[in-house]
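Engineer: The sequence and its predicted three-dimensional model are supplied below.
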Amino acid sequence: MIDRETVIKVAELAKLELTEEEVELFARQLTAILDFVNKMNEVDTEGVDPFVPEVEETPMREDEPGPTLAREEVEKNAPEFENGYFVVPRIFSTE
């Protein structure tokens, strides 16, 4: 089972703030996911060919610009906008 300390550590690494209820919920959910993966590892796949789609190359399309929103419309939807850029919280220190 994934313990609460592991959930808290992963949340800290991901810069997430979790409530106590979320810690407990995610511990249960992550445990269920790992149990499912372990169960899949028990499946006998001896003699089963791997599935590999027969695609020669990824279909591509031309990269052509399309209609865009006016800057005023974009700025209206941004919590903070400065000098033509979105302002977001700093996540890395410069020290």
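Structural biologist: Sure, I can see it.
Engineer: can you pull out the strands in the protein?
Structural biologist: Taking DSSP state E as the test, the strands found in the chain are 81-82, 85-86.
Engineer: List of residues touching the first one?
Structural biologist: It refers to strand 81-82. 74, 75, 87 (Cβ atoms under 8 Å, 6 or more residues apart in numbering). C-beta here means a position set from N, CA and C on the backbone, and glycine is covered the same way.
Engineer: Could you list the paired strands of it along with their orientation?
Structural biologist: If you go by DSSP bridges, strand 81-82 pairs up with strand 85-86 (antiparallel).
Engineer: can you pull out the helices in the chain?
Structural biologist: Along the chain, the segments classed as helices by DSSP state H run 4-13, 20-41, 71-77.
Engineer: And those: which comes nearest residue 94?
Structural biologist: Nearest of the helices of the chain to residue 94, taken as Cβ to Cβ: helix 4-13 at 20.1 Å.
Engineer: Show me which residues of that closest one are buried.
Structural biologist: residue 7 (16 or more other Cβ atoms under 10 Å).
Engineer: oh, and call the first residue 21 from now on, that's how I've got it
Structural biologist: I'll keep to 21 as the first residue from here, and by that count the last item is helix 24-33.
Engineer: Okay, the spatially most central residue of the chain and residue 111: tell me how far apart.
Structural biologist: A centroid search over the chain (Cα atoms, centre = their mean) returns residue 34, at 10.3 Å, as the residue closest to the centre. For residue 34, the distance to residue 111 equals 11 Å [Cβ to Cβ, to the nearest Å].
Engineer: likewise residue 48?
Structural biologist: Taking Cβ to Cβ as the measure, residue 48 falls 28 Å from residue 111.
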